[in-house]
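>>> Structure here, sequence nowhere to be found:
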């Protein structure tokens, strides 16, 4: 590799922290170099000496690409790769990039989240690794690039009785900020089975969770789509491409009533690395919100066993909060006759409207404004009751 090409790739990677971006820009630059018949060194030298009109050449190239129906977004990527190369290798150049006429872009993807039945059909055609991979993606919302970067040590299967914890390291996250995600009991079981199978293989020394790059993950998904007869396309794109699993996750968080602030954190949009050094109340609040969506995010397994776990957890939480014996007895009665834990919670709220328990009468309710104030109260033992409008939150102690 030439010095200027090496410099170009290093600068692209330093900016994006993504090998995929670096490789895409390198391929795009090579296409332009092939079109103008120059090497990278020659292009840099000619632009520097003023003997090569890069704007005119780009416009001719884009015209040629347009006649061959190259997608507008692809043309824009090609343009930005050439622009980046010139700016990096000839920083003193005075190129008026506004004279390059770029095509307008529009969304050509007509995708949608898969239905639960479609996911069942797709999973029926997968092996153990496929099931672990897809159930983890569905229940955590983690991107394919992040999945490819996960290590076995990033998965904690023992922290909680029901869910698995995924610690997304900054280098594996798209925005290069680490965060915590969760996986449903169903996905956790699939991961346990998959990892147990790997342990039985002689000579298995890989630390990568799935030992798959991003392209390989997409290829596995496409293979399952074809087997399940779900590989329909709209224009050039599959309706159910891998990223729609993240859309399924986001949609079902919303349907389950997970508050906007916590949805953003679970999607990794507000990266905050929640480890042992971080405040545990914040981690618990995030998990409590996630648990609301577990029934929606469970694809195949029956929920009866999970409901029993939730009921036990609710009683344990009530004890930790200092509920009196009378209140605990009433809660147990409600749990025993309710079909689901959510139904029990709603019934218990109604029973608690006129409390007889002195400890319950001492509970405080207040409204706080802003996430900073919310998290400060959560760290001090308060519980989020409901997210209100205008960045306000109803909390109780």
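It's in. All figures in this text were calculated on a predicted structure; none of them were measured in a lab.
>>> in the chain, which residue is closest to the centre?
Against the mean C-alpha coordinate of the chain, by CA atoms, centre = their mean, the closest residue is residue 142 at 3.1 Å.
>>> That one is in contact with residue 136, isn't it?
Yes. At 6.9 Å, residue 142 and residue 136 qualify as touching, with contact defined as CB atoms under 8 Å. C-beta here means a position set from N, CA and C on the backbone, and glycine is covered the same way.
>>> any idea which element residue 182 lies in?
strand 179-183 (DSSP states H and E).
>>> just to revisit the earlier point, shared neighbours of residue 142 and residue 136, anything?
residue 166 (CB atoms under 8 Å, 6 or more residues apart in numbering).
>>> so how far is stretch 318-335 off the chain centroid?
37 Å (CA atoms, centre = their mean, to the nearest Å).
>>> residues of it that come out buried?
Buried positions in stretch 318-335, judged by neighbour count with 16 or more other CB atoms under 10 Å: 318, 323, 327, 330, 331, 334, 335.
>>> what residues are up against the first one?
To tie it back to what came earlier, the one meant is residue 318. Residue 318 neighbours (CB under 8 Å, 6+ apart): 327, 328, 331.
>>> What is the nearest of those to residue 94?
Nearest to residue 94 among the contacts of residue 318: residue 331, at 73.6 Å, using CB to CB.
>>> where does the closest one land in three-state SS?
What DSSP: H, G, I helix; E, B strand; the rest coil gives for residue 331 is helix.
>>> Also residue 112?
Classification of residue 112 using three-state DSSP returns coil.
>>> Would you confirm that it contacts residue 244?
Yes. Taking contacts as CB under 8 Å, residue 112 lies within contact range of residue 244: 6.6 Å.
>>> Neighbour count for these two, which is higher?
residue 244 (19 against 13; other CB atoms under 10 Å).
>>> re earlier: the strand holding residue 182 pairs with which strands?
strand 164-168 (antiparallel) (DSSP bridges).
>>> that older thread, any idea of the mean pLDDT for the strand holding residue 182?
Across strand 179-183, the average pLDDT comes to 93.
>>> same check, this time on stretch 194-204
Rounded mean pLDDT across stretch 194-204 is 77.
>>> start at 567 instead
With 567 as the first residue, the last one maps to stretch 760-770.
>>> Quick check: residue 806 touching residue 794?
No. Residue 806 is beyond contact range of residue 794, at 9.4 Å (criterion: CB under 8 Å).
>>> Can you pull the residues that touch both of the two?
Common contacts of residue 806 and residue 794 (CB under 8 Å, 6+ apart): residue 684.
>>> Look at those two and report which has more neighbours.
Each of residue 806 and residue 794 has its neighbours counted (other CB under 10 Å); residue 806 has more, 27 against 18.
>>> Quick one: residues contacting the more buried one.
Here residue 806 is in contact with 677, 678, 680, 684, 791, 796, 797, 798 (CB under 8 Å, 6+ apart).
>>> go again using 6 Å as the cut-off
By CB atoms under 6 Å, 6 or more residues apart in numbering, the contact list for residue 806 reads 680, 796.
>>> Confirm it sits in a helix?
No. With three-state DSSP as the criterion, residue 806 is coil rather than part of a helix.
>>> for the stretch 717-866 of the chain, what spans make up the helices?
751-766, 780-793, 810-821, 826-832, 846-857, 860-863 (DSSP state H, counting those that start in this stretch).
>>> which one of those has the lowest average pLDDT?
Among these, helix 846-857 scores lowest, with a mean of 80.
>>> can you pull the buried residues of that helix?
Quick answer for helix 846-857 (16+ other CB under 10 Å): 847, 848, 849, 851, 852, 853, 855, 856, 857.
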